[in-house]
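> this is the structure alone, sequence omitted:
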């Protein structure tokens, strides 16, 4: 599985995930400034799971039924960057978490997972 990091994902998180052996493409590396729908189109066209800190993607996926392979929303703004990097790395290393076909929310003390197919409204 490969991932597409939205422009708002800090470089140290992308670097750590890559160091952990994951394939992470980054919007900041050649697609700067594209809007959220373009991010979803790019990810969908290449079968990438979107990783972002932008809550607008939830609206696009659940309210507007935008197509998505999978989505990871990182809600760790209250943590230091070093703690964010560690938390995200730990979540992605957890092999019991399935990112494909799910909307996954990473919080400081829990991970919430909702199937993308469950589009009854956010």
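Ah, there it is. Bear in mind the structure is a predicted one, so any value in this text is a computation, not a measurement.
> for the residue nearest the centre of the chain, helix, strand, or coil?
Geometric centre of the chain, nearest residue: residue 51, 1.7 Å, by CA atoms, centre = their mean. Classification of residue 51 using DSSP: H, G, I helix; E, B strand; the rest coil returns strand.
> where in this protein is pLDDT low?
Within the chain, the ranges that satisfy pLDDT under 70 run 118-122.
> helices along that one, start to end?
11-19, 36-45, 56-58, 81-93 (DSSP state H).
> hang on, the earlier thing: is the residue nearest to the centre of the chain bridged to anything, and to what?
When assigned by DSSP bridges, residue 51 has beta-bridge partners residue 5, residue 72.
> how far away is it from residue 109?
19 Å (CB to CB, to the nearest Å). Any C-beta I mention is one placed from the backbone N, CA and C, and that applies to glycine too.
> same deal with residue 6?
Residue 6 sits 23 Å away from residue 109, going by CB to CB.
> repeat for residue 48
In terms of CB to CB, residue 48 sits 27 Å off from residue 109.
> surely residue 37 is in contact with residue 66?
Yes. The criterion here is CB atoms under 8 Å, and residue 37 meets it with residue 66 at 6.9 Å.
> which neighbours do the two have in common?
Common contacts of residue 37 and residue 66, defined by CB atoms under 8 Å, 6 or more residues apart in numbering, comprise residue 60.
> so residue 6 and residue 109 - more neighbours on which side?
More crowded of residue 6 and residue 109, by other CB atoms under 10 Å: residue 6, with 22 against 5.
> phi first, then psi, for that one.
Dihedral pair for residue 6: phi -60, psi 170, per degrees, to the nearest 10.
> what does residue 30 give?
Main-chain dihedrals, residue 30, degrees, to the nearest 10: phi 120, psi -10.
> list the contacts of the closest residue to residue 102 other than its chain neighbours.
Nearest non-adjacent residue to residue 102, counting by CB to CB, 6 or more residues apart in numbering: residue 113, 5.0 Å away. By CB under 8 Å, 6+ apart, the contact list for residue 113 reads 97-98, 102-105.
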